[in-house]
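K.L.:
based on what follows, work out the 3D shape:
(one chain, ligands or ions: 1)
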Amino acid sequence: MRVVPFRFEENTFWLLDQRKLPFEEVWVPCKSAQETALGIKEMVVRGAPAIGVTAAYGMVLAHLSGEKPAQADALLRQSRPTAVNLFYALDRMKPHWGNLEASLQEAKAIWTEVEATEQAISQHGARVLKGQVLTHCNTGPLATGGFGTALGAIIEAHRQGRVTHVWVDETRPYLQGARLTAYELQKAGVPATLITDNMAAYQMGQGQVDAVILGTDRMALNGDFANKIGTYGLAILAQYHGIPFYPALPLSSVDPRLESGTQIPIEERSAREVTFIRGQPIAPEGFPAAHPGFDVTPNHLITGIVTEKGVLYPPFDESLRAALGIG
Ligand SMILES: CSC[C@H]1O[C@H](OP(=O)(O)O)[C@H](O)[C@@H]1O
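P.N.:
Residues are numbered from 1 along each chain as shown. From the prediction side, this is the model:
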């Protein structure tokens, strides 16, 4: 059964509070762009495509709540910096400022496209997966509002009998893997085992990993990409062990303004998300903690890029441009 992270009802955009999953299913109402921006910033909803859909409906709510579109747009753009889907969605909403009905139709289109592209991503991705697969963070329906990207491919590959087992990185510090990917794979009936992030190398060394597939928050035109912190290390481990390594993404997650990943903004989140787990301290009070939310993986560590137009192979600056239809 597919989990849906949000719904639009009675002029309210309801967010399934992902901070409380898998232990409680709590819905948070958003009635304005301001409330929506806060929901994104505080990761009530998270995941690159899901953030884009949510921002689009935030602009619909701006029209319903009487907020000025320009101010609503600015608030939403400031909510989180790395996932390009948020900016892609807001750019698509801009021509409809002042027109509620057109804004609603565009937001619905953005959500519908997420579902359509992810069916294709899942099919293309399933073809390159087999045996035991390792994944990082959460890239299922909770992260997208559709079928998922990397996790969509994993679930489809299991349905086809290709994937037999999944290693789920817990993904410190926010634990998207332990809390959300485990929750989604359990609902999907896919055999999986939770590991701490520092166990990935061991499992690879034991020959227990046949492929790595994970998500993308922003990709440059040469294939360098930003994803959840820990991705870069997994890419190096996969290359060392000769294991295929695949980022999965809709082409709307490619930033055509960027020639390489050096310019991708990396979100810094609060140290408290590192020094506390579910409100309990795990370090001396006030001890400093770093919390870059993402890292950038260079294109030479990628085996293939799983998109709705197929799996792209090097040279990525050519195959990505061809897939995007740009020179
Ligand atoms: C389907 S891409 C999901 C992508 O977003 C996650 O980040 P966050 O949970 O902080 O929004 C992570 O990077 C995933 O790969």
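K.L.:
CA only for contacts and neighbour counts going forward, please
P.N.:
Will do.
K.L.:
and the closest residue to the ligand within the stretch 1-150 of the chain, how many neighbours does it have?
P.N.:
Using CA to the nearest ligand atom, the point where the stretch 1-150 of the chain gets nearest to the ligand is G47, with a distance of 3.5 Å. By the other CA atoms under 10 Å criterion, the neighbourhood of G47 contains 26 residues.
K.L.:
my guess is it meets A143, correct?
P.N.:
Yes - checked against CA atoms under 8 Å, the pair G47 and A143 is within contact range at 3.9 Å.
K.L.:
confidence score at the residue of the stretch 1-150 of the chain closest to the ligand?
P.N.:
The predicted local distance difference test score for G47 is 97.
K.L.:
now swap in the one 4 residues further on and tell me
P.N.:
I51 carries a pLDDT value of 98.
K.L.:
pLDDT score for the residue lying closest to F87 once chain neighbours are set aside?
P.N.:
Among residues not flanking F87 along the chain, R77 sits closest, at 6.6 Å (CA to CA, 6 or more residues apart in numbering). Among the per-residue scores, R77 shows a pLDDT of 98.
K.L.:
which ones are touching R77?
P.N.:
Contacts for R77 (CA atoms under 8 Å, 6 or more residues apart in numbering) come out as L86, F87, L90.
K.L.:
and D17, by the same measure?
P.N.:
By CA under 8 Å, 6+ apart, the contact list for D17 reads E25, V26, W27, V28, V44, V45.
K.L.:
ok, now how distant is it from E25?
P.N.:
Distance, D17 to E25, using CA to CA, to the nearest Å: 7 Å.
K.L.:
same thing with V128?
P.N.:
In this structure, V128 and E25 are 34 Å apart, going by CA to CA.
K.L.:
more neighbours: those two, which one.
P.N.:
In this view V128 and E25 are compared by other CA under 10 Å, and V128 has more residues nearby, 18 against 11.
K.L.:
related to what we said a few turns ago, out of the contacts of D17, who's nearest V168?
P.N.:
The shortest distance between V168 and any of the contacts of D17, using CA to CA, involves V45 and amounts to 20.4 Å.
K.L.:
and for the closest one, the neighbour number?
P.N.:
A total of 25 residues lie near V45 under the criterion other CA under 10 Å.
K.L.:
just checking, it touches W14?
P.N.:
No - taking CA under 8 Å as the definition, V45 is not a contact partner of W14, at 10.0 Å.
K.L.:
how about the residues of the stretch 1-150 of the chain by the ligand?
P.N.:
R46, G47, A48, P49, C137, N138, T139, A143, T144, T149 (CA under 6 Å from any ligand atom).
K.L.:
give me that answer again for 8 Å
P.N.:
Within reach of the ligand by CA under 8 Å from any ligand atom, the stretch 1-150 of the chain has these residues: 43, 45-51, 83, 136-140, 143-144, 148-150.
K.L.:
where do the helices of the stretch 51-200 of the chain begin and end?
P.N.:
Secondary structure of the stretch 51-200 of the chain (DSSP state H, counting those that start in this stretch): helices at 69-77, 84-93, 100-126, 141-144, 150-159, 176, 182-188, 200-205.
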